[in-house]
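Peer 1: what follows is a protein structure lacking sequence information:
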């Protein structure tokens, strides 16, 4: 198996696995390879950094479970602090974010839910949005 970084005509870069370089070329030529983000089938190889194996006596160690737990706790605390000044808007997130972007509503910090299609449309229209790194429990479902 071989992995390639690929790029669609829209500029999205993604990773794909193939049995060989020939298999990639055949599938691309038959338009069987498509961008998972936008569905574009005009695909080319993207620039890749070579993967060089680490020297046997200098392998970096994996983080310990305690270090991972501490990192996740730090991330959760940072997200909770940020959400203290944000308003939960639930499923109206896309509508409210767009209204603020277009000047139809005052700009405030909000968080909520949006479908993948809604999120893509917001991003394409230049609305500044980003997914939260950790799941959020809607206020009416919290204890």
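Peer 2: Cool, the structure landed. Note that the coordinates shown come from a computational prediction; the quantities given were computed from them, not determined experimentally.
Peer 1: when you work out contacts or count neighbours from here on, use the C-alpha atoms and nothing else.
Peer 2: Will do.
Peer 1: any stretches of this protein with poor pLDDT?
Peer 2: Under the criterion pLDDT under 70, the flagged ranges of the chain are 49-60, 143.
Peer 1: so which residues of it form helices?
Peer 2: 21-29, 65-83, 93-101, 116-124 (DSSP state H).
Peer 1: in a markdown table: those, plus mean neighbour count and distance to residue 14.
Peer 2: Putting these into a markdown table (neighbours: other C-alpha atoms under 10 Å; distance: least, C-alpha to C-alpha, whole Å) gives the following:
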| stretch | mean neighbour count | distance to residue 14 |
| --- | --- | --- |
| helix 21-29 | 14 | 14 |
| helix 65-83 | 12 | 26 |
| helix 93-101 | 18 | 26 |
| helix 116-124 | 14 | 16 |
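Peer 1: which among those is found nearest to residue 36?
Peer 2: Closest approach to residue 36 among these is made by helix 116-124 (12.4 Å; C-alpha to C-alpha).
Peer 1: by contact count, what packs against the closest one?
Peer 2: Contact analysis of helix 116-124 by 3 or more C-alpha pairs under 8 Å, 6 or more residues apart in numbering; DSSP states H and E lists helix 93-101 as its packing neighbours.
Peer 1: on that earlier part again, could you dump the helices of the chain to JSON lines with distance to residue 43?
Peer 2: What follows is these, written out as JSON lines (distance: least, C-alpha to C-alpha, whole Å):
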{"stretch": "helix 21-29", "distance to residue 43": "7"}
{"stretch": "helix 65-83", "distance to residue 43": "36"}
{"stretch": "helix 93-101", "distance to residue 43": "30"}
{"stretch": "helix 116-124", "distance to residue 43": "20"}
